[in-house]
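> Need a 3D model of the sequence below.
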Amino acid sequence: MIAKVRGNSKIEGEITVSGAKNSALPILASLVLTSEEVLINRVPEISDVNEILSMIRVAGIQVTFSDNEIMVKSSSNLKGELGNFDSNIRASILLLGPLAARTGHAELPYPGGCAIGERPIDIHIEGLNKLGFLISEKGDRIEATLGKIPKEVKIKLRFPSVGATEHLMMTAAIMNGTHTELSNCAKEPEIVDLQNFLVSMGAKIKGAGIDKIEIEGVKSFHGTTHTIIGDRIEAGTYIIAALASKGLLKVNGASSETFNFIHELKKIGAQIITNEDHVLVKPSTLKPFKISTGPYPEFPTDLQPQLTFLACYTNGTSEVTEKVFENRFWHVDELRKMGASIEKIGDRTLRI
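Coordinates of the predicted model:
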């Protein structure tokens, strides 16, 4: 695909964000936890969603996807062996624990790689081991077998991994009779959304959004209806584009409570008015800044390339430090081709 962009234009007007991809993927993976009907609204129509849906269909889930709405019909023929499925997305690992918990054994393709740095799944595996699962890797496949189910489990994550937090929370929720305490958890709003979805199906979970999550495993889940939260990264991209072009923009459909990055933008002069269901961005004169990314509630790494772009339109010298991924500067060479003055300081910092 070739896109032609006409420059020297303002990003202005009004736009509504999609449902959050990082919320949709774990919620869709958790559909294997119930045999009853589920309706999910505001699902983004993207390739990762289509791939995770293909995987749960292979597992025996009857699902339709149309007009950003997913309908799951009742199903009782669940299977855990998906080893022959060719998956290229990292979210596929989220199916391992839930499928093994429900069927006794799960086999999946090893999760796809990542172009922005290493994302090892060892934290997932360590947690599943403590929950009583035996994990083995065979070439390009990974298997989990349910062993002796413990009554009490305490798991402290070595790093507040979003994927591991979601994976272990989903798995522990269906382990009847097991009390699980997860600590040093990721705190992202998407994890809160996953908890809300699971609780609406009968899960007993509390604590998402803070450091410690407690789960009382239940025997089964019932059906539910759920609407996915707005995508804060998509919203942040529009906000930054409006600031760079000095446009007047209204961004609808995402709760400003999840916009942990707005206070950082306000510090550098951004005029942003937040409301319950929308954000208004006004033309602003920005001052140079030093901002680092980090796990929530720090500045999101997924907005680091956009922040680098914004620095190019801010008078003075700014610095952006990437503390999450070691290889998330691919955009720099492309910006330099267009005249950006960007210097790399060490392995993690850009001076713009």
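> where in the chain is pLDDT low?
112-119 (pLDDT under 70).
> Can you give the domain ranges for it?
Domain assignment for the chain by automatic domain parsing gives 1-17+230-286, 21-227, 287-352.
> Mean neighbour count for those domains - can I get that in CSV?
C-beta here means a position set from N, CA and C on the backbone, and glycine is covered the same way. Converted to CSV, these look like this (neighbours: other CB atoms under 10 Å):
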stretch, mean neighbour count
domain 1-17+230-286, 17
domain 21-227, 19
domain 287-352, 16
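> Let me see the ranges of the helices in the stretch 201-350 of the chain.
Using DSSP state H, counting those that start in this stretch, the helices of the stretch 201-350 of the chain run over 232-245, 262-267, 304-312, 330-337.
> The stretch 101-250 of the chain: strands as residue ranges?
105-109, 133-138, 141-146, 152-156, 179-183, 204-206, 213-216, 224-227, 249-252 (DSSP state E, counting those that start in this stretch).
> coming back round to it: what would the helices of the stretch 201-350 of the chain look like in JSON lines with distance to D122?
Converted to JSON lines, those look like this (distance: least, CB to CB, whole Å):
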{"stretch": "helix 232-245", "distance to D122": "26"}
{"stretch": "helix 262-267", "distance to D122": "31"}
{"stretch": "helix 304-312", "distance to D122": "24"}
{"stretch": "helix 330-337", "distance to D122": "25"}
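> possible to save the strands of the stretch 101-250 of the chain as a markdown table with distance to N22?
A markdown table is the format used below for those (distance: least, CB to CB, whole Å):
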| stretch | distance to N22 |
| --- | --- |
| strand 105-109 | 20 |
| strand 133-138 | 24 |
| strand 141-146 | 22 |
| strand 152-156 | 22 |
| strand 179-183 | 18 |
| strand 204-206 | 18 |
| strand 213-216 | 17 |
| strand 224-227 | 15 |
| strand 249-252 | 18 |
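> Can you say which of the ones you listed is nearest to E69?
strand 224-227 (9.9 Å; CB to CB).
> partners of the closest one in the sheet?
strand 38-41 (parallel) (DSSP bridges).
> Distance-wise, check the spatially closest residue to E45 that is not a sequence neighbour relative to S341.
In this structure, E45 finds its nearest non-sequential neighbour in N68, 6.4 Å apart by CB to CB, 6 or more residues apart in numbering. Look at N68 and S341: by CB to CB, to the nearest Å, they are 41 Å apart.
> now swap in S75 and tell me
Distance from S75 to S341, by CB to CB: 57 Å.
> do P300 as well
Taking CB to CB, one finds P300 at 25 Å from S341.
> give the contact list for the residue nearest to H278 when sequence neighbours are not counted.
Residue nearest to H278 in three dimensions, not counting chain neighbours: N252, with 4.6 Å by CB to CB, 6+ apart. Counting by CB atoms under 8 Å, 6 or more residues apart in numbering, N252 touches 14-17, 277-278.
> of the residues you listed, closest to I27?
The shortest approach to I27 among the contacts of N252 belongs to V17, at 16.9 Å (CB to CB).
> pretty sure the closest one is touching G230, no?
Yes - shown here, V17 and G230 form a contact pair, counting by CB atoms under 8 Å, at 4.7 Å.
> Common neighbours of these two, please.
253-254.
> hang on, K4 is in a strand, isn't it?
No - assigned with DSSP: H, G, I helix; E, B strand; the rest coil, K4 falls outside any strand and is coil.
> Roughly how far does it sit from A270?
Taken as CB to CB, the span from K4 to A270 is 29 Å.
> picking that back up, with distance to S245 added, can I get the contacts of N252 in a markdown table?
Below are the contacts of N252 laid out as a markdown table (distance: CB to CB, whole Å):
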| residue | distance to S245 |
| --- | --- |
| E14 | 15 |
| I15 | 14 |
| T16 | 19 |
| V17 | 18 |
| D277 | 24 |
| H278 | 19 |
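> which phi and psi does S75 have?
phi -150, psi 140 (degrees, to the nearest 10).
> I meant to write N77 there.
Here N77 shows phi and psi, under degrees, to the nearest 10, equal to phi -110, psi 60.
> out of the strands of the stretch 101-250 of the chain, nearest to Y238?
Per CB to CB, nearest to Y238 of the strands of the stretch 101-250 of the chain: strand 249-252, 5.2 Å.
> Direction included, what does the closest one pair against?
The strands that strand 249-252 pairs with in its sheet are strand 13-16 (parallel), strand 278-282 (antiparallel) (by DSSP bridges).
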